[in-house]
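S.K.: Using only what follows, build the 3D model:
(one chain, ligands or ions: 1)
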Amino acid sequence: MRGETFIPLLAPPQAQRGEAWWFVFRGANLLVRKAEGRAHVPFIESLDELGLAPVRSQFLGVVGAAHVYSAECDESVEPPADMTWAGLRSLFGAIDDDTFALAGRAIQIMDWDRSHQFCGRCGTPTERKLAERSRACPKCGQVHYPRLAPVAMALVHRGDELLLARSPHFAPGMFSALAGFVEPGESLEQVLVR
Ligand SMILES: [Zn+2]
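M.R.: The predicted structure follows:
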């Protein structure tokens, strides 16, 4: 899908269904077909073609005329013939940048949907809202949106030197630019100072 713009939508724009991009996950791993050092995301009309019955799926939007979906498979599902489950990080460079970015979007929507089937406030099953990407609780009214985790990251220079840091859980010898998650009420600059 290189070069084609993804347009996020809440519902398929037409009843007609053609081939669609399917980002199918088992846990955090994406279903791909690997060939000659590249990895390919299924571009098919239905997951039936792969013999897969997902736990649930989410319509994400369109690329050109093609619909884009994410889907979640049960942990016990084996990959179809010639395909494999692959961690997204391992696919960096093996799929084009546009597809990789869409895979990142897909896993977040899939994971949010998986994690918000029940209200975090009162435990009631939630319902998908049609007017926005959210799930609402019919009992207490709490609305659950996809969760974003803002991060600040900066590369500090001094002449030809860089200021790096390491965390105790890093692999030996590994250093990083200064980075951290933003806490409630913090500015991006305050994150870096902390
Ligand atoms: Zn509730």
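
S.K.: Can you tell me which residues in this protein are near the ion?
M.R.: 119, 121, 122, 124, 137, 139, 140, 142 (CB under 5 Å from the ion). C-betas here are computed from N, CA, C, even on glycine.

S.K.: from these, which would you call buried?
M.R.: 119, 137 (16 or more other CB atoms under 10 Å).

S.K.: Let me know the average pLDDT across stretch 7-18.
M.R.: Stretch 7-18 shows a mean pLDDT of 83.

S.K.: what's next to it, contact-wise?
M.R.: 45-46, 59-63, 65-67, 105, 130-133 (CB atoms under 8 Å, 6 or more residues apart in numbering).

S.K.: Minimum pLDDT in the residues you listed, which residue is that?
M.R.: Out of these, that is residue 65, at 87.

S.K.: Tell me how many other residues crowd residue 118.
M.R.: 14 (other CB atoms under 10 Å).

S.K.: so what's it closest to, chain neighbours aside?
M.R.: residue 125 (5.8 Å; CB to CB, 6 or more residues apart in numbering).

S.K.: Check what pLDDT that neighbour gets.
M.R.: Value listed for residue 125 in the pLDDT field: 98.

S.K.: Measure how buried it is and give me the count.
M.R.: For residue 125, using other CB under 10 Å, the count is 11.

S.K.: From residue 142, how far out is it?
M.R.: Counting by CB to CB, to the nearest Å, the gap from residue 125 to residue 142 is 12 Å.

S.K.: And for residue 117?
M.R.: Residue 117 is 13 Å from residue 142, by CB to CB.

S.K.: related to what we said a few turns ago, give me the common contacts of residue 125 and residue 142.
M.R.: residue 119.

S.K.: on that earlier part again, let's see if you can find the most crowded of the contacts of stretch 7-18.
M.R.: Greatest neighbour count in the contacts of stretch 7-18, by other CB under 10 Å, goes to residue 60: 24 neighbours.

S.K.: list the helices and strands the helix or strand that residue falls within packs on?
M.R.: Assigned by DSSP states H and E, residue 60 belongs to strand 56-63. With contacts taken as 3 or more CB pairs under 8 Å, 6 or more residues apart in numbering; DSSP states H and E, strand 56-63 sits against strand 6-8, strand 66-73, helix 97-115.
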